[in-house]
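Engineer: Structure here, sequence nowhere to be found:
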């Protein structure tokens with residue numbers, strides 16, 4: 001039995017049995033997921049660091065330690081999704097010289113990113129609030145749109161250097177491919193006329209786009 005002096009509260013020794021703290025990287029991922037939902041549903045202006053912390057289940061002190069402000073939080077959301085996309089495209093090479101299959105798979109990866117419901121929700125928010133917050137438009141354009149385009153352009157350039165396709169301007173070609181793939185379905189989703197395409201529908205569309213494109217540039 002612990003003995004204490006009169007009037008002094010005996011404190012239990014801390015540490016034993018306390019749950020292990022979560023790594024910062026894992027906490028950051030939880031915060032980004034919560035912020036993505038908050039931005040998409042509430043908008044940029046109405047979302048606060050405090051509301052994101054509450055949804056993520058972390059203290060505001062922890063949030064500010066990991067991500068200093070709302071602009072950085074929005075940039076982290078965009079960067080997180082694009083980083084996963086870039087790593088996937090970079091690893092997906094052209095096996096056995098089957099350029100049509102490889103291009104279709106690359107386009108599917110692009111479509112999964114561009115036509116994702118959460119990404120379209122963020123794009124709606126950016127378009128609706130860019131007049132008041134031009135920085136979010138710059139972030140989305142440079143970190144999402146241009147980086148997606150440049151990732152596909154780099155992939156196309158690698159296939160051209162391997163002698164599988166003949167293109168003069170990989171960046172221009174990437175823009176054309178993304179336009180054919182995503183422009184029409186993205187508009188339909190954004191205007192509420194259709195849900196995001198199913199994986200099967202996206203794969204069919206990517207296959208058609210790949211075939212059309214390669215009719216003009218395949219060696």
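Structural biologist: Received, thanks. Please read these numbers as outputs of a predicted model, since none were measured by experiment. Numbers count the residues shown, from 1 in each chain.

Engineer: any idea how far the lowest-mean-pLDDT helix or strand in the chain is from the chain center?
Structural biologist: The least trusted helix or strand in the chain, going by mean pLDDT, DSSP states H and E, turns out to be helix 70-91, with a mean of 87. Computed by Cα atoms, centre = their mean, to the nearest Å, the separation of helix 70-91 from the middle of its chain amounts to 5 Å.

Engineer: which helices and strands does it pack with?
Structural biologist: In this structure, helix 70-91 makes packing contacts with helix 24-42, helix 49-56, helix 99-114, helix 117-129, helix 134-140, helix 146-161, judged by 3 or more Cβ pairs under 8 Å, 6 or more residues apart in numbering; DSSP states H and E. Quick note: C-beta positions are derived from backbone N, CA and C, even for glycine.

Engineer: tell me which residues of that helix are tucked away?
Structural biologist: For helix 70-91, a neighbour-count test (16 or more other Cβ atoms under 10 Å) marks 70, 73-82, 85-86, 88-89 as buried.

Engineer: Now do it against helix 146-161, angle only.
Structural biologist: With axes from the mean of the first three to the mean of the last three Cα atoms, to 10 degrees defining the directions, helix 70-91 sits at 20 degrees from helix 146-161.

Engineer: Pull the residues that contact helix 70-91.
Structural biologist: Residues external to helix 70-91 that are found in contact with it (Cβ atoms under 8 Å, 6 or more residues apart in numbering): 28-29, 31-32, 35-36, 39, 44, 47-49, 52, 67, 106, 109-110, 113, 116, 119, 122, 135-136, 139-140, 143-144, 147-148, 151-152, 155.

Engineer: any idea of the angle it forms with helix 117-129?
Structural biologist: Calculated by the same axes, to 10 degrees, helix 70-91 forms an angle of 140 degrees with helix 117-129.

Engineer: Confirm residue 68 sits in a helix?
Structural biologist: No - applying DSSP: H, G, I helix; E, B strand; the rest coil, one finds residue 68 to be coil, outside a helix.

Engineer: Point to the residue nearest the middle of the protein.
Structural biologist: Centroid-nearest residue in the chain, with Cα atoms, centre = their mean: residue 81, separated by 2.1 Å.

Engineer: What separation is there between it and residue 104?
Structural biologist: Relative to residue 104, residue 81 is positioned 21 Å away (Cβ to Cβ, to the nearest Å).
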